[in-house]
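Q: any chance you could fold what I've pasted below:
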Amino acid sequence: MAKKEVTAILKLQAPGGSATPGPPIGPALGQHGVNIGQFIQQFNASTASLNGMPVGVVLTIYSDRSFTFEVKSPPAAVLLKDAAKVEKGAGLVGKEIVGSVTADQVREIAEKKLADLNAMTVDAAARMIAGTARSMGIEVLD
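A: Numbers count the residues shown, from 1 in each chain. Just a heads-up that it's a prediction; the model follows:
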């Protein structure tokens, strides 16, 4: 079987398990001629356990308008806000602390995101997640 020619690679962010054909997904896929309903159905089926948490998707579109997609883990900021039980990060970073997470929670988030991060070990990933927490005004407790 001959290899299909890749015409586009799209990176999108969509709510897991509850994506709709509206913006930003519909227009992005429509301009490449992809069957939007088919993508939405497959995406929602594969991310049903995420209950509306935003996730990244890398969508590869081929010349015959078929596609494959890879679901990434939710953004670190979303996972940190969920762990700290806060609505949003600090407005004045460095002066305002909106919540706190434990080192164990940071490590757990790092383990979830390890495949999507530029880190070789869980400890390095945990340091990256802790840095994201600090930049959001979330304190990391030992």
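Q: in the protein, which helix or strand is least confident?
A: In the chain, no helix or strand scores lower on mean pLDDT, DSSP states H and E than helix 25-30, which sits at a mean of 91.
Q: the strands in this structure, which residues?
A: Taking DSSP state E, the strands of the chain run over residues 6-15, 54-62, 67-71, 99-102, 138-141.
Q: return the set of buried residues in the second one.
A: Of the residues in strand 54-62, those with enough neighbours to count as buried (16 or more other CB atoms under 10 Å) are 55, 57, 59, 61, 62. C-beta: built from backbone N, CA, C; applies to glycine.
Q: what's near enough to touch the second one?
A: Applying CB atoms under 8 Å, 6 or more residues apart in numbering, we find residue 57 in contact with 10, 11, 12, 13, 14, 43, 69, 70, 71, 72.
Q: buried subset of these?
A: Using 16+ other CB under 10 Å as the burial test, these include 10, 12, 14, 43 as buried.
Q: how much space between the third one and residue 128?
A: In other words, residue 14. In this view, residue 14 and residue 128 are 24 Å apart by CB to CB, to the nearest Å.
Q: can you check the last one too?
A: Spatial separation of residue 43 from residue 128 under the definition CB to CB is 27 Å.
Q: how about the first one?
A: In this structure, residue 10 and residue 128 are 25 Å apart, going by CB to CB.
Q: for the longest helix along the chain, packing partners?
A: Looking across the chain with DSSP state H, the single longest helix is helix 122-136. Packing partners of helix 122-136 (3 or more CB pairs under 8 Å, 6 or more residues apart in numbering; DSSP states H and E): helix 76-84, helix 103-113, strand 138-141.
Q: redo those as TSV? Include mean pLDDT and distance to residue 123.
A: Shown next, in TSV, are those (pLDDT from 0 to 100; distance: least, CB to CB, whole Å):
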stretch	mean pLDDT	distance to residue 123
helix 76-84	94	16
helix 103-113	95	8
strand 138-141	94	14
